[in-house]
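> Sharing a model that was predicted from the sequence below.
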Amino acid sequence: MSTVAIVTLAGDLHARVIRRQLQEVHGVDVAVVASDTLSAAGGLTWSNVAGQELTLPTEDGGTVSVADLDLVWWRRCHGRPTVPDAVTDPQMRKLVVKDNRAGLRGLLMAGFSGTWISDPYATERAQNKILQLSVARSVGLTVPRTLISTDPTAVRDFARAHGGTVIAKTLTGLLGTSLEAGRVSVDSLVDDDEITVSATVYQEEVPGTDHLRVMVFGDAVHTARIRSGELDWRLANDMEVEPVVIHPRLGDRLREVTRRLGLRMGVFDVKLRPDGEPVFLEVNPQGQFLFVEGMSDMPLGEAFADFVVDELAAVRGRAFA
């Protein structure tokens, strides 16, 4: 029997749905490792002494042997971790979090020899929006004209060149804080200190009301069209979601972006101009997709489980090659 570990945050809905699908439909053994509750969980062990088993704590209170793992889904690893109240010093609490994260990643990087969805280093690298936009453009995708800068003059010049109003958004985001994209006018860009304090993404606004949420799972591409008049559809109350089939050329280019970023999966946000031209906005290496299933009846949980099984088959194929 194959064994899969899902490294994620405690209580993650995606982990629960995919675990059930893998266990009940495909007979795959699944261990969930909660990356945000490692403190006081016990069970994390690595050693270079012969005979010492490498183990990770599971969400249900047990442990899983790294040697038994065929595949790791590196899903969510940067949540707000729990630290026991007995650790009161703020710096020590930060140290506990860093050491546990280093232990989890290091143990797997050193001791796990199976398949990743996706490699932790590739996942972290692929989250950089500058890299994403550069790679997307290099494969022939249309991307918004973009400036990422802390230079007040450059920012104001960019806004003027695009009709006096641009979209501003953060470069990385912040856990637990809603920092959605918003329109800013050149008249509001008057505070040099505010502009220079942090690198910010400024983009031309892409017109239209149709957005594509494209889930690339290996070679498979699943797409939903989200129709909303809001700039950020995540905040919309008028959202309409339906499955669509995209042009093969667009699917090929999104798969190529995924490949060049070193990923096995990616969840893309693409916006359609009124003339139908797709414009790449960003890719999330571990984006949410089950909300799309809930709003459109697309069987995405089943599709992702099938993708994991295909990856396991590839692991077995390499083992016997």
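Looks like it came in fine.

> Just list the residues touching residue 257, thanks.
Residue 257 makes contacts with 132, 135-136, 139, 141, 266, 268, 280, 283, as judged by Cβ atoms under 8 Å, 6 or more residues apart in numbering. From N, CA and C alone the C-beta is placed, and that goes for glycine too.

> The same query, at a cut-off of 10 Å, please.
126, 132, 135-139, 141, 216, 263, 266, 268, 280, 283 (Cβ atoms under 10 Å, 6 or more residues apart in numbering).

> So which of those belong to helices?
126, 132, 135-138 (DSSP state H).

> Residue nearest the middle of the chain, spatially speaking?
Centroid-nearest residue in the chain, with Cα atoms, centre = their mean: residue 286, separated by 2.5 Å.

> Run a quick neighbour tally on the nearest residue to that residue once chain neighbours are set aside.
Nearest residue to residue 286, sequence neighbours excluded (Cβ to Cβ, 6 or more residues apart in numbering): residue 75, at 5.3 Å. Neighbour count for residue 75, taken as other Cβ atoms under 10 Å: 22.

> In this structure residue 10 contacts residue 36, no?
Yes - look at residue 10 against residue 36 with Cβ atoms under 10 Å: they come within range, at 5.8 Å.

> between the two, which one's more packed in?
Using other Cβ under 10 Å as the criterion, residue 10 and residue 36 rank with residue 36 on top: 20 against 17.

> residue contacts, the more buried one?
By Cβ under 10 Å, 6+ apart, residue 36 lies in contact with 8-12, 76-82, 97, 100-101.

> Check residue 209 too.
226-230, 233, 236, 238, 240, 271-272, 274.

> Now restrict those residues to buried residues only.
Among these, the ones that count as buried by 16 or more other Cβ atoms under 10 Å are 226-228, 233, 236, 271-272.

> out of those residues, which are inside strands?
226-227, 271-272 (DSSP state E).
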